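Colleague: Make a model of this:
(chains A and B)
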Protein chains: 2
Amino acid sequence: MTSGKDPNRPSILGGPTVILVNPQLGENIGACARAMLNCGLTDLRLVKPRDGWPNEKAQAAASGADLVLDNARLYETTAEAVADLQMVFATTVRTRGMIQRFVTPREAAKEMRAGYSAGSTVGVLFGPERSGLVNDDLTLAGTLITVPLNPSFASLNLAQAVLLIGYEWFQTGEEIPAERVLHTGQTRLATKGELVNLFEHLEEALDRTGFFTTPEKRPSMVRTLRNALERMEMTEQEVRTFHGVIASLAGKRKDQL
Amino acid sequence: MTSGKDPNRPSILGGPTVILVNPQLGENIGACARAMLNCGLTDLRLVKPRDGWPNEKAQAAASGADLVLDNARLYETTAEAVADLQMVFATTVRTRGMIQRFVTPREAAKEMRAGYSAGSTVGVLFGPERSGLVNDDLTLAGTLITVPLNPSFASLNLAQAVLLIGYEWFQTGEEIPAERVLHTGQTRLATKGELVNLFEHLEEALDRTGFFTTPEKRPSMVRTLRNALERMEMTEQEVRTFHGVIASLAGKRKDQL
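Modeller: You can find the predicted model right below:
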């Protein structure tokens, strides 16, 4: 019982394995490691990186994602790199006449999450920078992932592709709490009563200063103002601030009474 | 009948404006342009790029997204860069005690698509590489976007952030819009320029009526007011109404001059 961790709360680290097949530039490997850790992914495998391994440029580009690089494993062939994985996906931009299942990153993430949660080992293959994965590599994957992008300019760099897959993976992890949360900090949302008070303060001041030139139009003007102000979803603190604003503008400050 | 284009099929190019505020490295600007075009975005605006503009390194890093770089526009201030935009979002990783609406990229993309489809001008602000956007820039945005990522390693590079927003935008392309459109009737959403005008009118009136009792607190009070008013997503007509409100309250009516 020495750890402060909640044992029932799954770690956000872990997740699917990222396999880079024949990556060329160390910078790109580092940028991939960074994108992985951004998304809580930590298991990186490298199949014959062109410039050898370890690679100083990868360290520099990882911007602190050393955890990922330090644990990266090297393989001679793609087949060896995926040998222990149960669900393998492969990213590709082009349809090459392969009769395989194509899914979007979002669909793939759901499948990965389902498999991973059920205890399967999951991985995603990424090809070399210029050429992408060869057909023999694609064949190792059960499912191909194509990112829906501008068809006339769809080529992503390696780390961007890793990021999009990782991002979609991460989004499946936690239900993001409220749909549209207003960050209220130390204060709280105003009650309707507080709002109506504020509206009445404003309208009284407007009456006094002759804003409503035609009495028939007063009700619809008041509605316009209230509707607009309602949309602010004011905090209690902001309501007080606006009371101050009205008082200041309308000249009802204490020192003037 | 010389064009092969289907005139009824909307172009996938266009979309929200990307505004990079004080970007440092040309490489990053180029990588952003590439990520933008990947997602069909073409309108890039630069606020005081550190190393000047145009920038050769940006060209090299854009990997062919010259279309975006060639049409990029330069601005002196963030306020000028967003002056003609009606819906402005800002990306930020941290909560800074600002009382503004926070949404995920996915939620933001739906709102952007709905607004864009309804004819609004839409933009997203991205801060400089290391520091992110300053509070005064965040205040220009109606809504803040935070990417749900590994909380202990959440910092994305600039192009990665642009890519995630653009990617989510692109994914909404074939969905049904109008999730959360403000019904503006005969009027339209106010532009940022119109809003800033209104804010300045209010602040000038508050200055005149002695609202800001301590000069040190003026900037944060102004931010509080602007943030709250931003959230109203005012129409152009409402902006005019509130000009009238302020003028009435502050006693600057014609009959009193």
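
Colleague: Now do stretch A:213-227, average pLDDT.
Modeller: Averaging pLDDT along stretch A:213-227 gives 87.

Colleague: and for that stretch, what are the contacting residues?
Modeller: Outside of stretch A:213-227, the residues that reach it under the criterion C-beta atoms under 8 Å, 6 or more residues apart in numbering or on different chains are A:F199, A:L202, A:E203, A:F211, A:F212, B:E238, B:T241, B:V245. C-beta coordinates here come from the backbone N, C-alpha and C atoms, glycine included.

Colleague: and the helix or strand encompassing A:M36, is it in reach of chain B?
Modeller: Element membership for A:M36 (DSSP states H and E) is helix A:26-38. Yes: using C-beta under 8 Å from any C-beta of the partner chain, helix A:26-38 reaches chain B at A:A31, A:R34, A:A35, A:L37, A:N38.

Colleague: For B:L25, state which of the residues you listed is nearest.
Modeller: Using C-beta to C-beta, A:A31 comes nearest to B:L25 of the residues of helix A:26-38 next to chain B, at 13.9 Å.

Colleague: which residue packs closest to the closest one, ignoring adjacent ones?
Modeller: In space, and not counting its chain neighbours, A:A31 is closest to A:A159: 3.5 Å by C-beta to C-beta, 6 or more residues apart in numbering or on different chains.

Colleague: correct me, but the one you found touches A:N38?
Modeller: No: using C-beta atoms under 8 Å, A:A159 is not in contact with A:N38, being 9.9 Å away.

Colleague: who touches both of those two?
Modeller: B:Q160.

Colleague: any chance you could map the helices in chain A?
Modeller: Ranges of helices in chain A, per DSSP state H, are A:26-38, A:56-61, A:66-70, A:78-81, A:105-117, A:135-139, A:158-171, A:192-208, A:218-230, A:236-249.

Colleague: Any chance of TSV for those helices, columns mean neighbour count?
Modeller: Below are the helices of chain A laid out as TSV (neighbours: other C-beta atoms under 10 Å in any protein chain shown):
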stretch	mean neighbour count
helix A:26-38	26
helix A:56-61	17
helix A:66-70	18
helix A:78-81	19
helix A:105-117	19
helix A:135-139	16
helix A:158-171	25
helix A:192-208	16
helix A:218-230	15
helix A:236-249	19
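
Colleague: Out of those helices, which is closest to A:L44?
Modeller: A:L44 lies closest to helix A:66-70 among the helices of chain A, at 5.2 Å (C-beta to C-beta).

Colleague: Now look at the closest one and say if it contacts chain B.
Modeller: No: if you take C-beta under 8 Å from any C-beta as the test, helix A:66-70 misses chain B, and the best it gets is 8.7 Å.

Colleague: what pairs with A:G123 across the strands?
Modeller: A:G123 forms beta bridges with A:T17, A:V88, as assigned by DSSP bridges.

Colleague: ok, it - contacts?
Modeller: Going by C-beta under 8 Å, 6+ apart, A:G123 touches A:P16, A:T17, A:V18, A:I19, A:R45, A:V82, A:L85, A:M87, A:V88, A:F89.

Colleague: Give me the most central residue, chain A.
Modeller: A:Y167 (5.7 Å; C-alpha atoms, centre = their mean).

Colleague: still on that earlier bit, farthest pair in the contacts of A:G123?
Modeller: The widest separation within these (C-beta to C-beta) is 14.9 Å, between A:R45 and A:M87.

Colleague: pLDDT averaged over stretch A:20-28, what's the number?
Modeller: Average pLDDT, stretch A:20-28: 96.

Colleague: where in chain A is pLDDT low?
Modeller: Flagging of chain A using pLDDT under 70 yields the residue ranges A:1-12, A:94-100, A:174-186, A:252-257.

Colleague: and A:W53, what does it touch?
Modeller: A:L46, A:A72, A:L74.

Colleague: same thing but at 7 Å, please
Modeller: Residues in contact with A:W53 (C-beta atoms under 7 Å, 6 or more residues apart in numbering or on different chains) are A:L46, A:L74.

Colleague: quick one: it from chain B, how far?
Modeller: In this view, A:W53 and chain B are 22 Å apart by C-beta to the nearest C-beta, to the nearest Å.

Colleague: Distance of that residue relative to A:I29?
Modeller: Here A:W53 is placed at a distance of 8 Å from A:I29 (C-beta to C-beta, to the nearest Å).

Colleague: what residues are shared contacts of the two?
Modeller: A:L46.

Colleague: quick one on the thing from earlier: in terms of contact, does the residue nearest to A:A31 touch A:G30 like I think?
Modeller: No: A:A159 is beyond contact range of A:G30, at 8.4 Å (criterion: C-beta atoms under 7 Å).

Colleague: Give me the nearest residue to A:A90, chain neighbours excluded.
Modeller: Nearest residue to A:A90 in three dimensions, chain neighbours excluded: A:A141, at 3.5 Å (C-beta to C-beta, 6+ apart).

Colleague: show me the residues around the one you found that make contact.
Modeller: A:V88, A:F89, A:A90, A:L125.

Colleague: now the residues you listed: which count as buried?
Modeller: Burial by neighbour count, 16 or more other C-beta atoms under 10 Å in any protein chain shown: within these this picks out A:V88, A:F89, A:A90, A:L125.

Colleague: Dump those to JSON lines, plus distance to B:K57.
Modeller: JSON lines is the format used below for the buried ones among the contacts of A:A141 (distance: C-beta to C-beta, whole Å):
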{"residue": "A:V88", "distance to B:K57": "37"}
{"residue": "A:F89", "distance to B:K57": "34"}
{"residue": "A:A90", "distance to B:K57": "33"}
{"residue": "A:L125", "distance to B:K57": "31"}
